[in-house]
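# build me a structure from this.
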Amino acid sequence: MTSSNPYIVRCTLTFGDIYGQVLAWMAVIFVSLAAGLALMGSSRPLFALVGVGLILVLSLPFLLFAFVTTLLNHIQVESNSENIGAAKTN
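Sure, this is the predicted structure:
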């Protein structure tokens, strides 16, 4: 007995779909590192490390949410008409 799946799952995500998100994330990283380097020269370098860590930790959930929602928006479930016809005749 052959098992035929009446649906096809396709992911149409391309790099161009997430390109803006990658650039935004890189901008956040560079800005936080620049702020950290600017604060390193002050008398309290611990503030620099805490600032960079806080920016990265707070921005990571937003980045993951953007990636996951973009991925889910590009998943398509289509009917496989060839397997549906073959399943009915068997």
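
# pull out the buried residues from stretch 30-43.
Using 16 or more other CB atoms under 10 Å as the burial criterion, the residues of stretch 30-43 that qualify are 32, 36, 39. Yep, even glycine has a C-beta here, placed from its N, CA and C like the rest.

# list the contacts of the most centrally placed residue in the chain.
Taking CA atoms, centre = their mean, the centroid of the chain lies closest to Phe67, which sits 2.0 Å from it. Phe67 makes contact with 18, 21, according to CB atoms under 8 Å, 6 or more residues apart in numbering.

# and it, what element?
helix 45-73 (DSSP states H and E).

# cool, Val9 as well?
Under the assignment here (DSSP H and E), Val9 is part of strand 7-11.

# show the average pLDDT along that strand.
For strand 7-11, mean pLDDT is 88.

# tell me the angle of it relative to helix 45-73?
In terms of direction (axes from the mean of the first three to the mean of the last three CA atoms, to 10 degrees), strand 7-11 departs from helix 45-73 by 150 degrees.

# quick one: distance of the helix or strand that strand 7-11 is followed by to the chain centre.
Next in sequence after strand 7-11, counting helices and strands by DSSP H and E, comes helix 15-40. Distance of helix 15-40 from its chain centroid, counting by CA atoms, centre = their mean, to the nearest Å, is 15 Å.

# quick check: which ranges of this structure have low pLDDT?
Low-confidence segments of the chain, defined by pLDDT under 70: 1-3, 82-90.

# from Trp25, how far out is Arg44?
28 Å (CB to CB, to the nearest Å).

# for those two, indicate the residue with more neighbours.
Neighbour tally, Arg44 and Trp25, criterion other CB atoms under 10 Å: the higher count belongs to Trp25, 18 against 9.

# tell me the contacts of the more buried one?
Applying CB under 8 Å, 6+ apart, we find Trp25 in contact with 59, 63.

# try it again at 7 Å.
Leu63 (CB atoms under 7 Å, 6 or more residues apart in numbering).
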